[in-house]
Each structure stands twice: as C-alpha cells, then as structure tokens.
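**Student:** Here is my input; please provide its structure:
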Amino acid sequence: MNPKVLVIDDNSDVIKALRVLFILNDIECIGAESPAQGLKCLADQKVDLVIQDMNFSQDTTSGDEGKVLFGQIREAFTDLPVILLTGWADLETAVQLVKEGAADYLSKPWNDDKILASVRNLIELSQLQQQDSRRRTRVQTRLQKLQLKYDLCNMAFAAESMLSLLEMATQVAAAPIPVLITGPNGAGKEKIAEVIQANSDLKNKPFIKVNVGALPADLLEAELFGAEQGAFTGAGKQRIGRFEAADGGTLFLDEIGNLSIEGQKKLLRVLQTGEFERLGNSKTQKVTVRVISATNENLSSAIEKGHFREDLYYRLNVIELDLPPLNQRKEDINALISLFMDEGKTLSKSAESLIQNYDWPGNVRELQNAIARACLLCGDNEIQPEHLGIKLTKNTRNEAVEYTKSDIEKALEQAKGVVSQAAKGLGLSRQAFYRRMEKFSIELNKR
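**Tutor:** Sure, this is the predicted structure:
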C-alpha cells in the first residue's frame, strides 16, 4: 500500500501541484483548503504525513494560523510527521515549530527533489518508529506475562533474545529432562540454571552445583560419586558425592565440555541408569537426579575431533538453551548497570559512551566487575571512564566509529537526500544511518 500525504493549503493550485508530484512518485495525496477540513481528513482516514501551510487568511503572513494548526495536529496525533510550507515572512515561526516537534520546513516555491526526499525520509522514519514501538509493546507484554507467572531470580535484561530464551527456559523447567546451556564464559549460564530450578517441581529440593571442568581427574570420581574412608590417600572420612547429595533434586554440571573422556564414560552410566558406586565400595546405589549442564565449548566440533562422546552429548542435550554474549545483546547493558551500581552513583556521558562501545569479552561478569571497581574508585558520585578499568581496542574503536560526519553528509549528497539510498551506499541499515545523523546533528532540511 502506497503511503498517503495530506496537504493543507488554502491555495488549490499548491494542492494540485503537490498531488501530481506525489502521484507520479507512487505517493497517494489528498488535500484540504482549510485547517478545519484538514483536521476532519485526519479524523476520517489514516495519513502518513502532513504538509501544511502557515497562513490561511488573505493577506495574513504572521504564521499564527499555522502555529495553531500545528498545535492541534500535534495534540491529536502525537507521532504524525508534519512538514511546514513557509514564506520568508513566517520563516522564524517555522524554525521555532521545528524545535517544538515539526519534522521539517520548506520554503515556497519548493524544490521538487528536495520535498520528495524529505517526504520519503520522514515516512520511512515514521514507519520504522511505529514498527519499533509495536515491537517494544509486544516485548513488554510478553515480559509482564513472564514476570507474573514465573520466578526470574532477579535477572536484569532488556534484549528480546534474552526474553525468548527465558520463555523457553521457564517452559521446559517443569519437565524433569536434561537441559544443556551453551554460551561464552561470564554470560550468565548459571543464572539460567537457577531460573530453571526455581520454576521446576524440584524448586524445594536439593540444587547442587559443580564445575566438573575444574575437577582433577584423580578426584573426579570421588567428587561426583563419593568415597569411603581410606579409599585413597587423604580420604580420612566418608565423602558424599554430588549425585548422592542431589538425589531427588537437580545437579548443575558447569563446564561439561572440559570433562575428560574417562570422566565422560563414568558420567554417561549414571545418566543412563541412575546407578553408581562410591569409590572404595562395591555396593551399587541408585539416585533420581535432574541434570542441567553448561559449556562454553562447541560440543559438535569436540565430537568430530574425538574429544567428547556423542552418546553423552545426546543424553545431556534433550533441550539446548543458547545464551548469547553480552556484545550481541547490548540492550541488556543499562538494565545490568542498574542492578550492579551502588545507590547514589551515576555514569558520566563519556563513561556511558565507553561502556556502550566496549566489546565486553568477559561478558556480564566483566561488566559487573568493572562497575564494582568504578563505584569504589570514583572520588565523587560520578563515574568517569578511567574508573572502569577498560579500554577500547583498535578493532572495537573502528567498529564503534565507522563513519565521520563528512562521510554521512557525502552519502546524503550523492543520494540526493534519500536516506534509504544513502544508507545502502554505506552498507548500513536505515536505523543505523538515522542514528549517525542524530549523533552528528545532521538535519535533512539543511541538506
């Protein structure tokens, strides 16, 4: 469906000229010769953009009528873009209205290419904003439902990818099946495991955590399955293993990808049968344990290389939850900062910029440590970049500042002011291009 523009002007020739221009360029156009007719058109049908004159009474040049009409449109249709058609006498009023929310102003007589570029860009931007607003509304509705129904263990997040992951985590929590959580170190895999446990039927049962990748090979069996007194040097008393301690509940096996082949073999048996023997005891014990495991390793690749048993992988991976790194869900950063920041502390603009442009290779854990460090080191209540203890690498800096103001202006010039074409020329999305225009204070009406 073609976009629709409403032209409000007391001069019927102006309406006709603009209607021809827009129709020839696949833009629907309707006209109104008075403010009252214009407001009625807006009430009766959906319009994507308004072009309004500043004066409607004969021999009037103050722009006051246009100012009143703009106020009425803005009050009734908050997000509707409005372009002002101005003469030299009311230019100052038009500039003031742009500061108050008008999308653009163009002088009479207008330049066809310029008005077309402005209309296309503003409609495009308005559609993007509406899509984003609808998306944010949907996300907020989903989040509220999730928070009302489940215990999210005080997780701080804003990214839709995290919302989707938590929806799946809470959905599978009730079924006592194995879950494999994948993702980089420090991203929050253990926190996801806590959410699963908190929303399962086992929430009041034992929840035992163990980093199996950190267990020495000679102690692995004793740690997981227990040992009798004297079973090995240093075993001065009977030791209860993690599986036995978790009986009837949940066992979280972190860094499962670092487990030795021998350890994998022993783990597979207890997952298949629930049976094991304490070290130094031939009596077979049986437990019922839900296993949640986590790894930062690519287990499919490890299987191909012979480093991880395929049969164990399928035992662990009934459901897989893939947790993205922090640099792929930067919407979460502000929510996490609010969680980690000491009361009364604030971030300076330069510290905020550094945090947003930094790549966070250590993920959530690194962010938490950086904020804790900054809260301790800042002399007053405002955190500066040097308090964070992080620096942009060359690669990160290049990614963060891809283009200069001159690059953006040149791209707009080559595209004759059409943002979608300028963005395409630089290999950017329209949203990314608009963000850079805002960053460098580049206004379309100045092009």
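**Student:** Model confidence for Thr60, exactly?
**Tutor:** Thr60 is assigned 64 on the pLDDT scale.
**Student:** tell me the strands in the stretch 101-250 of the chain, going along the chain?
**Tutor:** Using DSSP state E, counting those that start in this stretch, the strands assigned to the stretch 101-250 of the chain run over residues 104-107, 179-182, 207-211, 250-254.
**Student:** which residues touch Lys237?
**Tutor:** Residues near Lys237 by CB atoms under 8 Å, 6 or more residues apart in numbering: Gln229. Where C-beta positions appear, they are placed from N, C-alpha and C, glycine not excepted.
**Student:** can you tell me which of the strands of the stretch 101-250 of the chain the model trusts least?
**Tutor:** When the strands of the stretch 101-250 of the chain are compared on average pLDDT, strand 104-107 comes out lowest at a mean of 85.
**Student:** Off-centre distance for it?
**Tutor:** Relative to the centre of its chain, strand 104-107 is centred 35 Å away, using CA atoms, centre = their mean, to the nearest Å.
**Student:** now for it, which elements pack on it?
**Tutor:** strand 82-86, helix 91-99, helix 112-149 (3 or more CB pairs under 8 Å, 6 or more residues apart in numbering; DSSP states H and E).
**Student:** could you dump those to JSON lines with distance to Pro216, mean pLDDT and mean neighbour count?
**Tutor:** Listed next are the helices and strands packed on strand 104-107 as JSON lines, based on distance: least, CB to CB, whole Å; pLDDT from 0 to 100; neighbours: other CB atoms under 10 Å:
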{"stretch": "strand 82-86", "distance to Pro216": "71", "mean pLDDT": "88", "mean neighbour count": "25"}
{"stretch": "helix 91-99", "distance to Pro216": "68", "mean pLDDT": "78", "mean neighbour count": "16"}
{"stretch": "helix 112-149", "distance to Pro216": "40", "mean pLDDT": "90", "mean neighbour count": "15"}
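**Student:** can I get the ones you listed in a markdown table with distance to Lys305?
**Tutor:** Output for these, formatted as a markdown table (distance: least, CB to CB, whole Å):
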| stretch | distance to Lys305 |
| --- | --- |
| strand 82-86 | 62 |
| helix 91-99 | 62 |
| helix 112-149 | 38 |
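**Student:** now for the ones you listed, which one comes closest to Val287?
**Tutor:** Taking CB to CB, helix 112-149 is the member of these nearest to Val287, at 30.6 Å.
**Student:** related to what we said a few turns ago, between the helices and strands packed on strand 104-107, which one is closest to Ile15.
**Tutor:** Of all these, it is strand 82-86 that lies closest to Ile15, at 10.9 Å by CB to CB.
**Student:** With adjacent residues omitted, what lies nearest to Pro35?
**Tutor:** What sits nearest to Pro35 in space, not counting adjacent residues and going by CB to CB, 6 or more residues apart in numbering, is Leu69, at 4.4 Å.
**Student:** Pro385 now?
**Tutor:** Per CB to CB, 6+ apart, closest to Pro385 is Leu354, 4.7 Å.
**Student:** Show the contacting residues for the one you found.
**Tutor:** 385, 388, 390, 392.
**Student:** wait, is it part of a helix?
**Tutor:** Yes. According to DSSP: H, G, I helix; E, B strand; the rest coil, Leu354 belongs to a helix.
**Student:** Asn327 is in contact with Asp359, correct?
**Tutor:** Yes. Counting by CB atoms under 8 Å, Asp359 does reach Asn327; the two are 5.2 Å apart.
**Student:** where does this structure have its least confident helix or strand?
**Tutor:** helix 394-400 (a mean of 46; mean pLDDT, DSSP states H and E).
**Student:** continuing past it, what's the next helix or strand?
**Tutor:** Moving toward the C-terminus from helix 394-400, the next helix or strand (DSSP states H and E) is helix 405-414.
**Student:** Please verify my assumption that Val14 contacts Asn55.
**Tutor:** No. Between Val14 and Asn55 there is no contact under CB under 8 Å: 11.8 Å.
**Student:** Nearest residue to the residue in the chain sticking out farthest from the centre in space, please, no chain neighbours.
**Tutor:** Outermost residue of the chain with respect to the C-alpha centroid, by CA atoms, centre = their mean, is Gly230; its distance is 54.2 Å. Distances taken as CB to CB, 6+ apart place Gly280 nearest to Gly230, at 6.9 Å, with adjacent residues excluded.
**Student:** next one: Ser420
**Tutor:** Arg430 (5.6 Å).
**Student:** Number of residues surrounding that neighbour?
**Tutor:** 17 (other CB atoms under 10 Å).
**Student:** in a helix, that's where the residue nearest to Pro35 is, yeah?
**Tutor:** Yes. With three-state DSSP as the criterion, Leu69 is part of a helix.
**Student:** Quick check: it touching Asp9?
**Tutor:** No. Between Leu69 and Asp9 there is no contact under CB under 8 Å: 10.9 Å.
**Student:** Could you list the low-pLDDT ranges of this protein?
**Tutor:** The chain contains residues with pLDDT under 70 at 58-61, 88-91, 231-236, 393-402, 444-447.
**Student:** that older thread, could you pull up the residues touching the residue nearest to Pro35?
**Tutor:** Counting by CB under 8 Å, 6+ apart, Leu69 has contacts 8, 35, 38-39, 52, 56.
**Student:** related to what we said a few turns ago, shared neighbours of Leu69 and Asp9, which are they?
**Tutor:** Gln52.
**Student:** Quickly note the distance from the residue farthest from the centre of the chain to Phe276.
**Tutor:** Noted for Gly230: a distance of 19 Å to Phe276, by CB to CB, to the nearest Å.
**Student:** mind checking how far the residue nearest to Pro385 is from Asp64?
**Tutor:** Distance check for Leu354 against Asp64: by CB to CB, it reads 47 Å.
**Student:** what do you get for Arg269?
**Tutor:** To Asp64, Arg269 is 86 Å away according to CB to CB.
**Student:** got it, and Ala187?
**Tutor:** 58 Å.
**Student:** Pro3 now?
**Tutor:** Pro3 is 30 Å from Asp64, by CB to CB.
**Student:** higher neighbour count, those two?
**Tutor:** Neighbours were counted for Pro3 and for Asp64 using other CB under 10 Å; Pro3 has more, 19 against 14.
**Student:** quick one: the helices in the stretch 151-300 of the chain?
**Tutor:** Secondary structure of the stretch 151-300 of the chain (DSSP state H, counting those that start in this stretch): helices at 160-173, 189-198, 217-225, 242-245, 261-273, 299-304.
**Student:** Buried deepest among those helices, which one?
**Tutor:** Burial of the helices of the stretch 151-300 of the chain is given as mean neighbour count (mean count of other CB atoms under 10 Å); helix 189-198 ranks first at a mean of 21.
**Student:** Tell me the gap between that one and the middle of its chain.
**Tutor:** Here helix 189-198 is found 21 Å from its chain centre; the criterion is CA atoms, centre = their mean.
**Student:** okay, the angle between that helix and helix 160-173?
**Tutor:** 40 degrees (axes from the mean of the first three to the mean of the last three CA atoms, to 10 degrees).
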